[in-house]
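Q: here are the coordinates; sequence isn't available:
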């Protein structure tokens, strides 16, 4: 069989070499080469669709982020009564701090010591406020926050009493 194939190829060798692609095929190839590549264009509708999707996506993302940051849990969310107590204590504490600052001008060292003690309690209060966001027992943390504010109020009241006593003692000492 191999010999027959070789014989056929030798006999028809000139036909294989002389015959190339047909003129019709060359014409099609030339026509395709002559055609200019058309660029794909994006229509105005497609651009508007892309812009709308981008704006919508960004709006959803920023809306979610805003909702996430503004969802801080407050004591009043847990128990309105505790919320009122918190407001009452914080306003009283601020009022007493102002009084403490005015009365302590005669003894700034004592005032500094008092403020150091108060700042420690305030740091504890801020830590409790952070714990309130993640705690499974929010009512217990809220009560601890109110107890902290109550202690701050009592401490400032005692400090004011001490400063008044010191000032009174100084007045009596100067009058002698």
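A: Cool, the structure landed. Bear in mind that the values here come from a model prediction, so they are computed numbers and not experimental data.

Q: what residues does stretch 120-135 touch?
A: Contact with stretch 120-135 is made by 72-73, 75, 78, 138, 141-142, 144-145, 148-149, 151-152, 155, as judged by CB atoms under 8 Å, 6 or more residues apart in numbering. For the C-beta atoms, the positions are set from N, CA and C on the backbone; glycine is no exception.

Q: What is the nearest of those residues to residue 44?
A: Closest approach between those and residue 44, by CB to CB: residue 72, at 44.4 Å.

Q: Sketch out the low-pLDDT regions of the chain for me.
A: Residues of the chain that meet the criterion pLDDT under 70 lie in 1-2, 14-21, 34, 36-41, 67-72, 76, 103-104, 176.

Q: Break down it into its helices, ranges please.
A: Using DSSP state H, the helices of the chain run over 2-11, 13-18, 23-34, 44-69, 75-78, 80-103, 108-134, 138-175.

Q: ok, back up a step: Serialize the contacts of stretch 120-135 to a markdown table and add fields for distance to residue 118.
A: Below are the contacts of stretch 120-135 laid out as a markdown table (distance: CB to CB, whole Å):
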| residue | distance to residue 118 |
| --- | --- |
| 72 | 24 |
| 73 | 25 |
| 75 | 20 |
| 78 | 25 |
| 138 | 26 |
| 141 | 21 |
| 142 | 21 |
| 144 | 17 |
| 145 | 16 |
| 148 | 11 |
| 149 | 11 |
| 151 | 10 |
| 152 | 6 |
| 155 | 7 |
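
Q: got the contact list for residue 85?
A: 146, 149.

Q: which of the helices of the chain is buried the deepest?
A: Highest mean neighbour count of the helices of the chain: helix 75-78, a mean of 18 (counted as mean count of other CB atoms under 10 Å).
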